[in-house]
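>>> got a sequence here, can you model it:
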Amino acid sequence: MKNRKLYTFASAIIAIASAMFLSACSLEENMQSNYQTATYYKNYSQCVTGLRGCYPPFRSMYNGPFLLATESVSDLLYCQSGTLDAQLDISPANPRYGSTGWTQGYRGVMRCNNIIAALKRAYNDGNLSTTEYNELMAEAAALRGMYYYLLTSIFGDVPFYTDPVETVEDQDRVAKLPRMSAIETRGYIVDELLDLLVKDGVVQERTYDNPEKRDYRMGAAFGWMVCAKLAMWNGSKDTPNSEMWFKKALTAIEHLEAIYGDLNQYPISDICFRNKYTKESIFEVANIYDEDGLKVTSQIACFFMPTRAVQPEDQVPAGKEPEIWYSGLKIDLIGDNARTYTAYRPNQYFYQQLQPYTEYDKLSADDPDFINGVFDHRSKINMAWGYETYNDEGEKEWQFFWSASGGNPRGTKFTPQSRPWMGDKFWCPNIQSTADGNNLKVFRYAGALIMAAECHLELGDRTKAVEYLNKVRRRAGLGDLNQANFKSKLALMNEIQKEHGRELVGEFQRKFELVRWGIWFEQVSNCSDYGTMKNNMLPCHEYYPIPDKEVALSGGVLTNDEYKKYGM
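Next up is the predicted model:
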């Protein structure tokens, strides 16, 4: 039977544009909708409709504060934002993003559990064929797995349940579940996905195979990535049989390799957030900005663009209107109507050690010297010391940015040693105020190959580890490494961690990985340039606390023992 297309994230945006899905969420689900799972979801179309309700919590979770929680408290970036997640001013009483992460994460789990129960009923009643059932179950289980991946990455050990919540009594019971070992939670999901994703009816295809149709499912590729992520967490946490978990992660990644093939077929420019639904992507959180129509947007680009200013009157040529400048330059890509916030900036560790400025950064992306140069092409995308703008003769040329001084947007010109802005990977073309219509990149195939390098290293095969590292480096324009470059396992692991930063900066993962590697506190203490955050930082901040409100609802079953050690 030909696989029918399922609900997808792009079409989901239109489906959830109503106030029902875009309004603020609370802890209380509408129990009427949960009762309906026993009576409504009886055929394929109805079950697909039910799956649609599993997607909206992702939109509520992937927002500006979540980016602060995952990227600004890392070794790569910082942000002097007034949003206190960026300062690690976090406690059970003031959990900041923790409230959103908990509420929306478990909202997603609840909806997935309910539709899985409905799928089982529909199949047992003969209303779904085996291939239809396998297809929908794999999608629902992958979505549930993603919610538990987020919950365990944000909070560590969390309550785990898979049964439906169909009554108020069910909801009260679930609220009083204790924390369960994250290792056990991840292990359950990994084994479930390894079983479900290979069944008949689950099509092994890229998430975004046809960019024109905008009709995408979260199918096998998404499920394999979630499976690999969870398995690697278990392998990295001093678990018994850690080798087994890395082998399971490699099994999932091998399926991704069979689907995605050679990384070099995917242009490096596609990593920019403005390039939507690219074939390399495994999971993007979709946004839409139509000037005369639907607007479902984030504000994330506003944290990454250079500071906006109006050209001072005394610098405007006679007969001309004042220009809009960004760090002293007119930038056509951004346009004139952007609003910029306190910006993310790279730590010295990132811009001096991992991806320092080179003269290639001045070249346009279509210059033959740029295309053929052996250097890290991602540097120009990830960070910007300058940009193409107009000279006094009205011709385009690359120029360094300027630092403002004494009210003058052009106080001091940047140099190669200056702290750069974040690059156009994150900028939104012609953004109107704060309406960022870019998609948010979450999982890409390049990330899976870096994960494979780590798995091979942990399993004792340094040659294979370097081989997979080179797959990512070649696409980026860098020369190959060889095993002789690394005198120890630790040295090669350090290079894998650095390559992860170069490739995936700003993609909602860095803090999670630092915690998984067991180096977050030390690495951020040594590498962050944000003193306020470092003054607040404690070892307990590896994970967010469970909000006091949820602790109270549990009757004290849930606790925050690590935070209690520090008087919180």
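>>> okay, buried residues for stretch 398-413 please.
Gln399, Phe400, Phe401, Trp402, Ser403, Pro409, Arg410 (16 or more other CB atoms under 10 Å). Every C-beta, even on glycine, is put in place using the N, C-alpha and C of the backbone.
>>> next one: stretch 444-464
444-459, 462, 464.
>>> which stretches in the stretch 301-450 of the chain count as helices?
348, 368-372, 378-382, 445-458 (DSSP state H, counting those that start in this stretch).
>>> could you point out which of the ones you listed sits nearest Leu136?
helix 445-458 (24.4 Å; CB to CB).
>>> packing partners of the helix or strand following that closest one?
Using DSSP states H and E, the helix or strand that follows helix 445-458 in sequence is helix 462-475. On a contact count with 3 or more CB pairs under 8 Å, 6 or more residues apart in numbering; DSSP states H and E, helix 462-475 meets helix 445-458, helix 489-504.
>>> hmm, try it at 10 Å
Judged by 3 or more CB pairs under 10 Å, 6 or more residues apart in numbering; DSSP states H and E, helix 462-475 is in contact with helix 242-260, helix 445-458, helix 489-504.
>>> turn these into JSON lines, columns for mean pLDDT and distance to Tyr78.
JSON lines is the format used below for those (pLDDT from 0 to 100; distance: least, CB to CB, whole Å):
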{"stretch": "helix 242-260", "mean pLDDT": "98", "distance to Tyr78": "30"}
{"stretch": "helix 445-458", "mean pLDDT": "98", "distance to Tyr78": "22"}
{"stretch": "helix 489-504", "mean pLDDT": "98", "distance to Tyr78": "14"}
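>>> and the strands in this structure, which stretches?
77-79, 281-285, 288-289, 295-296, 308-310, 324-326, 344-346, 383-384, 386-390, 396-400, 402-405, 408-413, 421-422, 440-444 (DSSP state E).
>>> angle of the second one against helix 445-458?
It refers to strand 281-285. 120 degrees (axes from the mean of the first three to the mean of the last three CA atoms, to 10 degrees).
>>> distance of Phe66 from Tyr544?
Look at Phe66 and Tyr544: by CB to CB, to the nearest Å, they are 11 Å apart.
>>> got any residues that touch both of these two?
Residues touching both Phe66 and Tyr544 by CB atoms under 10 Å, 6 or more residues apart in numbering: Asp85, Tyr97, Gly101, Ile154.
>>> please name the residues that touch the first one.
By that I understand Asp85. The contact partners of Asp85, by CB under 10 Å, 6+ apart, come to 64-70, 72-73, 79, 95-98, 533, 544.
>>> domains of this protein?
Split into domains by automatic domain parsing, the chain comes to 301-441, 452-536.
>>> distance between the ends of the first one?
Think domain 301-441. Taking CA to CA, to the nearest Å, domain 301-441 runs 12 Å from one end to the other.
>>> please apply the same query to stretch 370-386.
16 Å.
>>> neighbours around the closest residue to Ile431 other than its chain neighbours, how many?
Leaving aside its sequence neighbours, Ile431 sits nearest to Ala338 (CB to CB, 6 or more residues apart in numbering; 4.7 Å). Ala338: 23 surrounding residues under other CB atoms under 10 Å.
>>> before we move on, what about Pro65?
20.
>>> related to what we said a few turns ago, out of the helices of the stretch 301-450 of the chain, the one nearest Asn430 is which?
helix 378-382 (18.8 Å).
>>> list the helices and strands that closest one packs on?
Helix 378-382 packs on helix 489-504, going by 3+ CB pairs under 10 Å, 6+ apart.
>>> now the helix it packs on against helix 445-458, angle please.
Using the same axes, to 10 degrees: helix 489-504 against helix 445-458 is 170 degrees.
>>> can you list the shared contacts of Phe66 and Tyr544 in TSV and add distance to Tyr55?
Formatted as TSV, the shared contacts of Phe66 and Tyr544 follow (distance: CB to CB, whole Å):
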residue	distance to Tyr55
Asp85	24
Tyr97	20
Gly101	17
Ile154	19
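>>> list only buried entries from these.
By 16+ other CB under 10 Å, these give Asp85, Tyr97, Gly101, Ile154 as buried.
>>> what is the nearest of these to Thr415?
The closest of those, once distances to Thr415 are taken by CB to CB, is Asp85, at 32.2 Å.
>>> tell me how far the closest one lies from Arg96.
According to CB to CB, Asp85 and Arg96 sit 5 Å apart.
>>> swap in Leu119?
Applying CB to CB, the value for Leu119 to Arg96 is 36 Å.
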